[in-house]
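> give me coordinates for this.
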Amino acid sequence: MKKISIAIVSLFAVNATFAQQELPMPDGTPLSYNPAITTGVSFLTITPDARSGGLGDMGVATSPDAFSQFYNPAKYVFAEKQQGFAMSYTPYMSKIASDISLTGISYYNRINDRSAVGTSLRYFTLGEINLTNQTGEFQGVEKPNEFAVDISYTIKFSENFGMAVAGRYISSNLKLRGDGETSANTMAVDVAGYYESERFQTSNAEGRLRAGFNFQNMGPKVSYTGDDNFASNIPTTLRLGLGYDYILDSYNTVTFYGETTKLLVPSNLQPTFVDANGNKTYENGETVNNRFQEYRDIGWFSGMFKSFGDAPGGFSEEMREFTWSLGAEYWYQNSFAFRLGYFNEAEDKGARKFATLGAGFKYNIVNIDVSYLLATGKIQSPLENTLRFSLTFNFGKDYYKN
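Numbers count the residues shown, from 1 in each chain. Just a heads-up that it's a prediction; the model follows:
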């Protein structure tokens, strides 16, 4: 049997460590149940750029930038520059290996005042995996990777509101020679909207309100074996966010953001048992039905609607399936930015909890952003104590805002 390095084993735990709950049977006998929702191609949930990384991994209602394609492409028709090109690099699980990383590239073009197009590429690599047989003999090197490429079109319906549609091709190439797996490929669609008010006067400053939503990664399941009976949902996600610019004067602006997300993927089904003697009590020897096949038979489209009310624990558990983020961004002379953020996920749904710091520097057409993550919960983040870097170029004619 081939041995796989710890790097590829860790891939399947990159975003959460899942808590186990003990589900009591009628006679009190515990049966293991995992309330956390898992998906395939989970690299799509990793924040690729440093600006959002410094704001608690949010981006659906932040001010427009070249990285908006990853969170809400509807923002592009509100960008201040006609075109933008951006690159980002995120070392991943750097304490385990030095060659695991996520690279993001994006580009947008405001065709005119009321429409824009955008495109992006996400590339996640696990570096080189050395394979050996059971006796330790070298069997070669594999380079597993995943990527997603997409294109979007945005239209402005009014001076303050725009919507976008994005199409995405996703490929996950994690197969190892002789393991019987294949590349997993699928398509997905985003439908997003963004609102940005004009400036308005408050008691002692000017303000601007922002709001955004995105139904992200809506598409068919992926299969690593070629058997649809063992296909996995992709991370279809609902993003909702708000932002408020507090414009102190022509030099200083502070913006506050809030965002919530929810996986539009069915909750895991509670196991049941076959009551052979009809006494409504589980007894040793009776068959337990883990309902794996029943879960796999839920279609991706129907599963999106089912996900809003299928948590076994009822409304309270359904609410725990929402994550939330808070963040603040300070700009001085539109040249220097400082950012803070916090991300929270329920303990039994993944337990990701972390604070973020970030900074940005703007000179002429170039923006440089960095961010840093500090885990605050029991679960160590793969990005803990890691610096993320982003580089953005904005060019073309100016679009001035009121």
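> look up how far residue 161 lies from the residue nearest in space to the middle of the chain.
Nearest to the mean C-alpha position of the chain, counting by Cα atoms, centre = their mean, stands residue 45 at 2.4 Å. Computed with Cβ to Cβ, to the nearest Å, the distance linking residue 45 and residue 161 is 27 Å. Where C-beta positions appear, they are placed from N, C-alpha and C, glycine not excepted.
> and if you look at residue 68?
When Cβ to Cβ is the yardstick, residue 68 and residue 161 sit 15 Å from each other.
> and for residue 116?
In this view, residue 116 and residue 161 are 14 Å apart by Cβ to Cβ.
> so for those two, which residue has more residues nearby?
residue 116 (28 against 16; other Cβ atoms under 10 Å).
> residues touching that one, list them.
For residue 116, the residues meeting the contact criterion (Cβ atoms under 8 Å, 6 or more residues apart in numbering) are 73, 76, 77, 79, 108, 109, 110, 153, 154.
> let's go with 6 Å and repeat that
Listed by Cβ atoms under 6 Å, 6 or more residues apart in numbering, the contact set of residue 116 reads 76, 77, 108, 110, 154.
> widest-spaced pair of those?
77 and 108 (9.6 Å; Cβ to Cβ).
> who has more neighbours, the two?
Taking neighbours as other Cβ under 10 Å, residue 77 and residue 108 compare with residue 108 leading, 29 against 26.
> pretty sure residue 49 contacts residue 87?
No - under the contact definition of Cβ atoms under 6 Å, residue 49 does not touch residue 87, with a separation of 9.1 Å.
> which one's more surrounded, these two?
Of the pair residue 49 and residue 87, residue 49 is the one with more neighbours under other Cβ under 10 Å, namely 29 against 19.
> could you measure from that one over to residue 340?
Between residue 49 and residue 340 the computed distance is 17 Å (Cβ to Cβ).
> how deep is the residue nearest to the residue nearest to the centre of the chain when sequence neighbours are not counted tucked in, by neighbour count?
In this structure, residue 45 finds its nearest non-sequential neighbour in residue 235, 5.1 Å apart by Cβ to Cβ, 6 or more residues apart in numbering. When counting by other Cβ under 10 Å, one arrives at 22 neighbours for residue 235.
> so where's the stretch 1-150 of the chain uncertain?
With pLDDT under 70 as the threshold, the stretch 1-150 of the chain has low-confidence stretches at 1-33, 130, 132-133, 135-136, 138-140.
> go again using 50 as the cut-off
When residues are selected by pLDDT under 50, those of the stretch 1-150 of the chain lie in 1-24, 27-30.
> can you show me the strands along it?
Along the stretch 1-150 of the chain, counting by DSSP state E, counting those that start in this stretch, strands occupy 21-24, 30-33, 81-91, 101-112, 115-125, 129-132, 138-142, 145-156.
> those: which one's closest to residue 374?
Taking Cβ to Cβ as the measure, the strands of the stretch 1-150 of the chain were each checked against residue 374, and strand 81-91 came out nearest at 15.7 Å.
> in the helix or strand hosting residue 167, what's buried?
Residue 167 belongs to strand 161-173 when elements are defined using DSSP states H and E. Along strand 161-173, the positions that meet the burial threshold by neighbour count (16 or more other Cβ atoms under 10 Å) are 161, 162, 163, 164, 166, 168, 170, 172, 173.
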